[in-house]
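Colleague: quick one, fold the following:
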Amino acid sequence: MTITPESRPQLPVVATPHYARGKRAAATCRFKCADACAHPAPNLSANEYFRDIASRALSRRVMLGGAAAAAAAVVVGAQALGAPPAAASVAGKKPVKGLAFGAIAAQPMEQDAVVVPEGYAWSPIIRWGDPILPGGRAFDPAHQTPEQQARQFGYNCDYLDILPEDPQHIRSMVETRRGTKGLLVANHEYTNPDIMFDASYDAATRRAIERAAHGMSVVEVTRDRTGTPWEYSRIAPLNRRIHLGTAFTIDGPAAGDDLLKTVADPTGTKVYGTLNNCAGGTTPWGTVVSGEENFHGYLRVNGQDARDARYGLRNTATRYGWELDDPRFDGNNPGYENENRRFGWVVEMDPYDPTAAPVKHTALGRFKHEGANVILAADKRAVVYMGDDERFDYVYKFVSTDRMREGNSAAAREHNKTLLSSGDLYVARFDGDSPASEIDGSGAVPSDGAFDGTGEWLPLVLDGESQVDGMSLAEVLVFTRVAADTVGATKMDRPEDVEPNPFTGRIYVACTNNSNRARDGYPGVDEANPRGSNRDGHVVEIIEDGGDQTATTFTWNLLIVAGDPEVNDSTYFSGFPADKVSPISCPDNVAFDADGNLWISTDGQPSSIQKSDGLFKVTLDGAQRGRVEQFLAVPRSAETCGPVVDVRDSMAYVNVQHPGDDGSWGAQTSYFPDYLADGETVPAGAWRGPRPSTIQVFPAGAGETPRGQHQGPGPFREPRGGR
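Modeller: Take a look at the predicted model:
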């Protein structure tokens, strides 16, 4: 039996509390970020505001030779200046044809379907609970165990990439050569017990399963030929699960410091597990870096160190309740006061070596990492861009001490895996160049035709020394938010994914939203965050001075001020006509294709513009700069994560995270991706309920029965790899 959106009984609409604005379901807020929006933003620093910034920007223009010189350094309106390409650029190579598609219409937020353009089809590659290790059984949500979950694909996948069989084929984010064998790598951010378990599970078992469902997965995938769908290999040598029981090494300048020592690890160099892993990136040397984000929701502190509050940590019981099972999750237990400081790092994992312990890099600082993305500077140093996903927090950059070694030798690869262990750490200050009176919170574009200006990377660590008065090197790295407060960084509207464009070296910052901007008691607007009560978010474009990724100054502009132009007159698309774009809100992850286009996945459209989240293409150059076209929409309550767009294969990949998060075990609100009808026999490994999954989109007829436009639900088809 085939079940379609029209034939499915209408699912109930669950009310979203006021603090869930910018997210779609109360459960998403509760389990993903510990209701962060229900609490005051933890950044209470008295950083300077717009008038001070504008004054300093004017002084800088004078030093540069007047207003004309300053104006020449920024992008104005739809004009795209030709910045020199970075060393890792693939500029000069003939572009390949991209994904040709007609933009889909924005989809209703209650619709439980994946929607793709006419001429394309979709299918899951792997779903929550699919077995990937020896001993793993077919998924059965009524009989889960911690041991089984540790052998299965985890929950709520976020970061995604499909790596080539040989790491030497990794060239850049868009040049990776994918053949017929590869490695699928995914993060697993958080769990929602309300829809994962029925009442038969005792609480301790449920929590143990959740710990095993966090972390990361590595899965071998195969296909018959390029341009056709992938299938995962149930048993394969490189398949791997990383979870709360996995041993990690702590490295970098803070490793071994007293701030990281516990009674279980008196060396301060070993820790078990990684949690709330959000976005990430693939390095030029073939490893994966992953960001530990909302760790504050899992760990209780004793309240004795005021700096813990800057991370949202509290001396209260957590939603997850893991402190009931393991003393390290409660800082009131003697000897575990520092356990919380062993989370909140960038993690590096080698997917090609399942025996290598993953590493937490203290040199990159500790905060709520959305992710980390690496590009090589001209001198082969690794430059990492990072966002701290919190209202009024910051954008960071790391520049490695050592340089990447070329070549296929094991020695070169081992050296490259140490590049993130030592280097300089910076935080961004954005200076606007318009009069303060023109940045009034309405989102009106200033008289110079663009939101733009100059900026500076403020040093936190240089040459292995703290640059922050009154803070040691270890303190800067463990309490990086406090250090950034001290030097006067610019408070941004939830900077999430921060990615360099491999063609141009420009950096794109997805600022998801900040409904508290300019409210009473909160920071006001500035040119880099120009809209009060910013529920729709915006995208910042950064151009490093001289095209040098290691530069300490830059120019910037806003590429997009997001929203639905039909109902919001404060949108801006770099001068492209607002009535000719797809409505877009809450940008989260960004990626690039081999044509140089930007792709944006969203998280929060149901509660901002009352539409399903999706994947959007954005043109960056020429007369169509700023044009937004929607390619895909995800099912009810889901967000779109980890986009990968491969124009060589005319394929795209996303992780569909937290579908049906507004439901419960007895009243599920999504049936993605199995879409089994009432009364239909449930095959082994399937479920009539929501399963976070990695999906692929491909030309209809390329090895798969077409689902067609607006045909999300369809006949159940067990992925062959999951049998």
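Colleague: okay, CA-based contacts and neighbour counts for the rest of this
Modeller: Will do.
Colleague: nearest spatial neighbour of Val498, skipping sequence neighbours?
Modeller: Of all residues not flanking Val498 in the chain, Val509 sits nearest, at 4.5 Å (Cα to Cα, 6 or more residues apart in numbering).
Colleague: in three-state terms, how would that neighbour be classified?
Modeller: Here Val509 is recorded as strand under DSSP: H, G, I helix; E, B strand; the rest coil.
Colleague: can I assume it is in contact with Glu541?
Modeller: Yes - using Cα atoms under 8 Å, Val509 is in contact with Glu541, at 6.5 Å.
Colleague: so which of the two has more stuff around it?
Modeller: Neighbours per residue (other Cα atoms under 10 Å) separate Val509 from Glu541, with Val509 holding more: 27 against 21.
Colleague: and the more buried one, bridged to which residues?
Modeller: Beta bridges link Val509 to Val498, Val540, judged by DSSP bridges.
Colleague: for Met216, see how far away the residue nearest to Val498 is.
Modeller: Val509 is 24 Å from Met216, where distance means Cα to Cα, to the nearest Å.
Colleague: phi first, then psi, for Ile695.
Modeller: phi -120, psi 160 (degrees, to the nearest 10).
Colleague: residue ranges in this structure under the pLDDT threshold?
Modeller: Applying pLDDT under 70 to the chain flags the ranges 1-24, 30, 35, 37-39, 47-98, 171-176, 703-723.
Colleague: one more pass at 50, please.
Modeller: 1-23, 49-97, 705-715, 722-723 (pLDDT under 50).
Colleague: quick check: Gly660 touching Arg688?
Modeller: No - at 11.5 Å, Gly660 does not count as touching Arg688 under the criterion of Cα under 8 Å.
Colleague: who has more neighbours out of the two?
Modeller: Neighbours per residue (other Cα under 10 Å) separate Gly660 from Arg688, with Gly660 holding more: 28 against 19.
Colleague: with adjacent residues omitted, what lies nearest to Ala255?
Modeller: Ala255 sits nearest to Thr269 (Cα to Cα, 6+ apart), 5.5 Å away.
Colleague: to clarify, my last question referred to Leu238.
Modeller: Nearest to Leu238 is Pro354, by Cα to Cα, 6+ apart, at 6.1 Å.
Colleague: element containing Arg688?
Modeller: If you go by DSSP states H and E, Arg688 is not part of any helix or strand.
Colleague: likewise Val383?
Modeller: Residue-wise, Val383 maps onto strand 381-387 under DSSP H and E.
Colleague: direction included, what does that strand pair up with?
Modeller: Neighbouring strands of strand 381-387 in its sheet, by DSSP bridges, are strand 373-376 (antiparallel), strand 395-403 (antiparallel).
Colleague: now the helices for the chain?
Modeller: 26-32, 50-64, 67-71, 146-149, 193-196, 203-213, 410-416, 473-478, 480-487, 605-608 (DSSP state H).
Colleague: gap between the closest residue to Ala483 other than its chain neighbours and Arg342?
Modeller: Computed as Cα to Cα, 6+ apart, the closest residue to Ala483 that is not its neighbour in sequence is Val476, at 5.5 Å. Between Val476 and Arg342 the computed distance is 14 Å (Cα to Cα).
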